[in-house]
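Asks: Return atomic coordinates for the entry below.
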Amino acid sequence: MSIETKPPVASCDPVTLEIIRGAIGAAQTEMEALIERTAISAFIREKKDFYTALFDADGVMAVGSLVPIFGDITGPVFKVFPKDTMCDGDVYWYNDCYASQGAVSHSNDQVLLAPVFHDGSLVAFVMSWAHFADIGGLHPGSISPQTTEIYQEGIIIPPTKLIDRGVTNEATLSIFHRNSRFPDQSVGDMSALLASVRLGAVRMDEIFGRFGAPVVGDALAQLLARTRAHVRTKMAETFAYGTHSFTDAIDSDGHGADTVKLRLSLTREAVPGGEDRFIFDARASDDQTRGPVNLLLNPAVPGMALGMFYLGDGSGHVCNAGGPQSMDEVLLRPGSVLQPLEPAALGMRGLTMMRFLAAMNGLVNVAGGTAPAAHSAYVVAMLRGTFTNDQGQPERFLLADGLGVGYGARDHADGIDAVYFVAQENYPVEFLETSYPVRLKRYAIAEDSGGPGRQRGGTGIVREYEILADEARLSIRIDTVKNPPWGTAGGMSGGSGAAVVNPGTPDERLLPGLSDGNLLRKGDLLRITTGGGGGYGHPFDRAEADVLEDVLGGFVSRESAARDYGVILSGNRVDADATATRRADRPATKAFHRKDYVDAIL
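Replies: Numbers count the residues shown, from 1 in each chain. From the prediction side, this is the model:
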């Protein structure tokens, strides 16, 4: 007689699981709100370039921000400080890109990690991460197109115990702050990060106190497994057996390298009697560059990026390590632009990261999925110089302005307009004018920057700055000019950006898209235009009313409406007969569009 055994009952029931899911999400959000409200520098307080996350007792991410660039945050600390040596009140700190294998991808980003103890046992970890305005290096702001090695990009902090059982290593902090040209901002921002991890530790201890360590631990394990299963199911629905490949490119490294290509592949293999294997391979990407556009890609990022796409279906799953764990193997070539060798410069890796994320969308689309069209790489402008303050004395300033761009259209909706990166924001005009020696003459949507399509690509922006400083030097980062964001499924590519000084005058000059040291004087006008996202679907299938609305709203010109969308306007109305005639001559399309329609982006 056989006895039927039942599987063990989970420590956390479904209702409690959802309560805990909400509680840890609320704790993570509260940590971010504290940083936003208490940080000093504009890039954190106004731009919101910061993230927080919570981890289980093994250091596996349990919930994080909706930002697809997280790598293994805890591993770099564990290599130096084993978990069994940690104590309540400890806080660990690093910004070392190479020691963290790209978990931090440029040196301005500071990571604080704190263990959480409950009833004497290590039960979780909390993390706060933010971009610091200046940490030393070649130029104010620390990142510059001119750098050729990471040592020119500011002070490097290896995994370090910043606080030992509640006692802060003030000497280490003072060395760090002494390397900043703006130490008051550095001190204030570090205080905000420290307060955030302390708050996170308190909130996690409260959650463990309410539900007990076994229940919370099981809940985190269930949420992790649920996300992993969801992502792998979606991957199986998208990727047939075999290898799928896509290539995208960045325009330049600023030091003579033209069109650096990212070549990605994803292979699905059948395993008899086991789970299918998903293998990501970027080894065919071009070699690392002399300039600072190298992206030290943490192996967790490809799975995180795909996971973020699949979690956007409204299923309610948590952003956690289930995305990275859905990928069975990640293959990267040392010495390539996605796995550079130390001490390659990394400061401008953001544009390569944006091209990488667009290429991941391309992988999904070549496999028959419906990922968005490509987006532009967000623009970074750094204005450094001096102005005469109210006391008549010269005063140094650093304006680091990250400018929003257009994101790719989706199969069901237009692309998002004027977004810097995910949830980060553009500086308000009032803030810029009261904080820096500039006057904003224009801040507007960049007409026709969104790629035409049944769903229009998101649009970029135009900013015009009148320089009030006595003298300034501009560092600018604009990509996707030679290689504009591709459209898909019949949609057309998005528009490109540009930086122009004194436009429309005899002194007009177009600045290189990746350059530093551009001299600006008091009274000069700087116009920066950012690019848009690619379109999705045939432009002639866009609703006539939507095209009219875009024209009236300043998103699409009348010329583009007629040429690209086949919609003829008479005054502020659609000319139905002329439109029908124009749309009867329907242009042929192909799978992708980058300046012209092509079967593949190569």
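Asks: Excluding residues flanking it in the chain, which one is nearest residue 455?
Replies: residue 409 (3.9 Å; CB to CB, 6 or more residues apart in numbering). Where C-beta positions appear, they are placed from N, C-alpha and C, glycine not excepted.
Asks: May I have the secondary structure class of that neighbour?
Replies: Three-state call for residue 409 (DSSP: H, G, I helix; E, B strand; the rest coil): coil.
Asks: Repeat that for residue 318.
Replies: coil.
Asks: what about it, neighbour count?
Replies: 21 (other CB atoms under 10 Å).
Asks: Ok, residue 397 next?
Replies: Other residues close to residue 397 by other CB under 10 Å number 18.
Asks: cool, residue 599 as well?
Replies: Neighbours around residue 599, by other CB under 10 Å: 9.
Asks: is it true that it touches residue 592?
Replies: Yes - here residue 599 reaches residue 592: they are 7.4 Å apart, a contact under CB atoms under 8 Å.
Asks: Contacts only, for residue 162.
Replies: Contact analysis of residue 162 by CB atoms under 8 Å, 6 or more residues apart in numbering lists 91, 92, 93, 112, 168, 169, 172, 173.
Asks: Export the residues you listed to CSV and append columns for neighbour count, secondary structure and pLDDT.
Replies: Formatted as CSV, the contacts of residue 162 follow (neighbours: other CB atoms under 10 Å; DSSP: H, G, I helix; E, B strand; the rest coil; pLDDT from 0 to 100):
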residue, neighbour count, secondary structure, pLDDT
91, 23, strand, 98
92, 24, strand, 98
93, 25, strand, 98
112, 23, strand, 98
168, 12, strand, 97
169, 15, coil, 97
172, 14, helix, 96
173, 17, helix, 97
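Asks: Would you map the strands across the stretch 201-350 of the chain?
Replies: Shown for the stretch 201-350 of the chain, the strands assigned by DSSP state E, counting those that start in this stretch span residues 242-252, 258-269, 277-281, 329-331.
Asks: Next, format the ones you listed as a markdown table and append distance to residue 372.
Replies: Converted to a markdown table, those look like this (distance: least, CB to CB, whole Å):
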| stretch | distance to residue 372 |
| --- | --- |
| strand 242-252 | 14 |
| strand 258-269 | 16 |
| strand 277-281 | 19 |
| strand 329-331 | 23 |
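Asks: Tell me which of those lies nearest to residue 562.
Replies: strand 242-252 (30.2 Å; CB to CB).
Asks: Sheet partners, orientation included, of that closest one?
Replies: Using DSSP bridges, the strands paired with strand 242-252 are strand 258-269 (antiparallel).
Asks: and the partner strand, which residues are buried?
Replies: Neighbour-count burial for strand 258-269 flags 260, 261, 262, 263, 264, 265, 266, 267, 268 (criterion: 16 or more other CB atoms under 10 Å).
Asks: just to revisit the earlier point, could you dump the contacts of residue 162 to a markdown table with distance to residue 430?
Replies: A markdown table is the format used below for these (distance: CB to CB, whole Å):
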| residue | distance to residue 430 |
| --- | --- |
| 91 | 36 |
| 92 | 38 |
| 93 | 34 |
| 112 | 31 |
| 168 | 36 |
| 169 | 39 |
| 172 | 38 |
| 173 | 33 |
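Asks: and residue 412, what does it touch?
Replies: residue 455.
Asks: And for residue 126?
Replies: Residue 126 touches 31, 52, 53, 54, 55, 113, 114, 116, 197, 200, 201, 204, counting by CB under 8 Å, 6+ apart.
Asks: could you pull out the helices for the stretch 401-550 of the chain?
Replies: 429-435, 544-552 (DSSP state H, counting those that start in this stretch).
Asks: so residue 42 touches residue 397, yeah?
Replies: No - assessed by CB under 8 Å, residue 42 is found out of contact with residue 397, at 11.1 Å.
Asks: Got the phi and psi for the closest residue in space to residue 296 that isn't next to it in sequence?
Replies: Counting by CB to CB, 6+ apart, residue 296 lies nearest to residue 102, which is 3.6 Å off, once chain neighbours are set aside. In terms of degrees, to the nearest 10, the main-chain angles of residue 102 are phi 90, psi 10.
Asks: tell me the contacts of residue 102?
Replies: 71, 295, 296, 297, 298, 301.
Asks: which ones are touching the fifth one?
Replies: Looking back up the chat, that one is residue 298. Residue 298 sits next to 70, 71, 72, 100, 101, 102, 103, 105 when contact means CB under 8 Å, 6+ apart.
Asks: The residues you listed in strands, which ones?
Replies: Of the positions in these, not one sits in strands, assigned by DSSP state E.
Asks: what's the first-to-last distance across stretch 138-155?
Replies: Using CA to CA, to the nearest Å, the end-to-end distance of stretch 138-155 comes out at 11 Å.
Asks: Need the helices of the stretch 401-550 of the chain in TSV (columns: mean neighbour count and distance to residue 83).
Replies: Formatted as TSV, these follow (neighbours: other CB atoms under 10 Å; distance: least, CB to CB, whole Å):
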stretch	mean neighbour count	distance to residue 83
helix 429-435	13	42
helix 544-552	18	55
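Asks: With respect to residue 272, which of these lies nearest?
Replies: helix 544-552 (50.4 Å).
Asks: re earlier: format the strands of the stretch 201-350 of the chain as CSV; extra columns: mean pLDDT and distance to residue 442.
Replies: CSV is the format used below for the strands of the stretch 201-350 of the chain (pLDDT from 0 to 100; distance: least, CB to CB, whole Å):
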stretch, mean pLDDT, distance to residue 442
strand 242-252, 97, 25
strand 258-269, 96, 32
strand 277-281, 98, 43
strand 329-331, 97, 44
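Asks: Select, out of those, the one closest to residue 384.
Replies: Of all the strands of the stretch 201-350 of the chain, strand 242-252 sits nearest to residue 384, with 21.9 Å by CB to CB.
Asks: if we can go back for a sec, for residue 547, which of the strands of the stretch 201-350 of the chain is the nearest?
Replies: That would be, of the strands of the stretch 201-350 of the chain and by CB to CB, strand 242-252, which comes in at 28.7 Å.
Asks: buried ones in that closest one?
Replies: Of all the residues in strand 242-252, those buried under the rule 16+ other CB under 10 Å are 244, 245, 246, 247, 248, 249, 250, 251, 252.
Asks: show me the contacts for the third one.
Replies: Translated: residue 246. Per CB under 8 Å, 6+ apart, neighbours of residue 246: 263, 264, 265, 359, 362, 363, 365, 366, 600, 601.
Asks: Quick check: the two most widely separated of those residues?
Replies: Maximum distance among these (CB to CB): 15.7 Å, for 263 and 365.
Asks: which secondary element of this structure has the worst mean pLDDT?
Replies: strand 61-64 (a mean of 88; mean pLDDT, DSSP states H and E).
Asks: how far away is the residue nearest to the spatial centre of the chain from residue 534?
Replies: The centre of the chain sits closest to residue 421, judged by CA atoms, centre = their mean, with a distance of 5.1 Å. As judged by CB to CB, to the nearest Å, residue 421 and residue 534 stand 17 Å apart.
Asks: With residue 461 instead?
Replies: For residue 461, the distance to residue 534 - CB to CB - is 17 Å.
Asks: same question, residue 91
Replies: Distance, residue 91 to residue 534, using CB to CB: 43 Å.
Asks: ditto for residue 270
Replies: 33 Å.
Asks: Of the two, which one has the most company?
Replies: Between residue 270 and residue 534, counted using other CB under 10 Å, residue 534 has the larger neighbour count: 38 against 9.
Asks: Need the nearest residue in space to that one, chain neighbours excluded.
Replies: Here the residue nearest residue 534, using CB to CB, 6+ apart, is residue 373, at 3.2 Å.
Asks: Tell me who's in contact with that neighbour.
Replies: 361, 408-410, 415, 451, 453, 457, 485-488, 491, 494, 533-536.
Asks: phi, psi of it?
Replies: Phi and psi for residue 373, reported as degrees, to the nearest 10, are phi -70, psi 170.
Asks: Name the spans of the stretch 401-550 of the chain whose pLDDT lies under the cut-off.
Replies: For the stretch 401-550 of the chain, the stretches with pLDDT under 70 are 423.
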